[in-house]
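Visitor: Dropping a prediction and its sequence here:
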Amino acid sequence: MDRRGFLKVIGGGLSVAIAPSLITQTLRAEDGRLYKTYNKVALVDSKGKAIKASSLQKETNYIFAYPFLGTPVLLVDLGEPTQKDVKLKDEKGQEYIFKGGVGKNNSIVAVSAICQHNLTHPTKDESFFSYVKRGQKSMAAKNGGVFLCAAHMSVYDPKAGGKVVSGPAPQPLANIILEIDKDDNLYAVGVLGSDKFHDYFKAFKREFKKSFGSWRKAKEEVQEKTTVSLLKEYSKDIIVY
């Protein structure tokens, strides 16, 4: 299986690699990891068929809900390997480590599509938040190859665990940890880094009531599977400045 392993210290100081989906608590360890496990959820298409890692189009924005029904995630095969073992810090100074992308070329990443600055996120009407492919020029991301929030021009490096490149964002994007099974099927299993889910749910109560019928429904954890769509089909307009 292709899994981004974590290290767990056991008796005698020995460290062993374990799969993220086997971790059942939030880790804030001295070795610099900040990780919380959620339900292990299969990524499927609109017909319920499993998404294969190798089937993802390169540098294309995909979207799905995780770990809650109301929290959007962007999934991208960057087409190039990410960096490995990137040390990051959240806005409170808590350190953690981005182990790298998954897939054959370690190029597949998923991030919480909630900007860490002002909680901007994709909606059915529009998305100010997206991955900008390499060579696609914009005011904030002249060379592309980044996650961009066009609302206030926060730019994040997907190859470095969503590290802030420029703009007002105070911390990296939260990463959604992925696993791939022997049949090349993709699963979401947890969240790495500091998320802002609490603030997000509080700020957009009216939006969730409209989209889900109630605020509480949007806060329900995703169970068993989540549907993956193209961002360009999910949002009517993708805005890149």
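Guide: On my side now, so go ahead. Numbering: from 1, shown residues only.

Visitor: Regarding the protein, what is its longest strand?
Guide: For the chain, the longest strand by residue count, based on DSSP state E, is strand 34-44.

Visitor: Now do the buried residues in it.
Guide: By neighbour count with 16 or more other Cβ atoms under 10 Å, strand 34-44 contains the buried residues 34-39, 41-44. Where C-beta positions appear, they are placed from N, C-alpha and C, glycine not excepted.

Visitor: repeat for stretch 83-94
Guide: Using 16+ other Cβ under 10 Å as the test for burial, stretch 83-94 gives 83, 86, 88-90.

Visitor: which stretches of the chain have low pLDDT?
Guide: 1-33 (pLDDT under 70).

Visitor: Wasn't N106 part of a strand?
Guide: No: going by DSSP: H, G, I helix; E, B strand; the rest coil, the assignment for N106 is coil, not a strand.

Visitor: Look up which residues are beta-bridged to L75.
Guide: Y62, A110 (DSSP bridges).

Visitor: contacting residues around it?
Guide: Applying Cβ atoms under 8 Å, 6 or more residues apart in numbering, we find L75 in contact with 43, 56, 61-64, 108-110, 176, 228.

Visitor: Which member of those is positioned nearest G144?
Guide: Nearest to G144 among the contacts of L75 is N61, at 12.6 Å by Cβ to Cβ.

Visitor: Once you drop chain neighbours, what's closest to that closest one?
Guide: Leaving aside its sequence neighbours, N61 sits nearest to L231 (Cβ to Cβ, 6 or more residues apart in numbering; 3.6 Å).

Visitor: Can you spell out which helices and strands pack onto the longest strand of the chain?
Guide: Applying 3 or more Cβ pairs under 8 Å, 6 or more residues apart in numbering; DSSP states H and E, we find strand 34-44 packed against strand 27-28, strand 95-98, strand 186-192, strand 225-227.

Visitor: most neighbours per residue, which of these?
Guide: Per residue and on average, the most neighbours among those fall to strand 186-192, with a mean of 26 (mean count of other Cβ atoms under 10 Å).

Visitor: List the contacts of that strand.
Guide: For strand 186-192, contacts defined as Cβ under 8 Å, 6+ apart pick out 19-21, 23, 33-38, 40-43, 50-53, 64, 66-67, 73, 96, 98, 108, 110, 112, 161, 174-181, 222, 226.

Visitor: same deal with stretch 76-92?
Guide: By Cβ under 8 Å, 6+ apart, stretch 76-92 touches 32, 34, 53, 56-62, 95-101, 103, 105-110, 116, 131, 134, 145, 158-163, 170-172, 193-194.

Visitor: Kindly write the ChimeraX command that selects the buried subset of those residues.
Guide: Under the burial definition 16+ other Cβ under 10 Å, those of these that qualify are selected in ChimeraX by:
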select :34,53,56,59,61,62,96,97,98,99,100,101,103,106,107,108,109,110,116,131,145,158,159,160,161,162,163,171,172,193,194
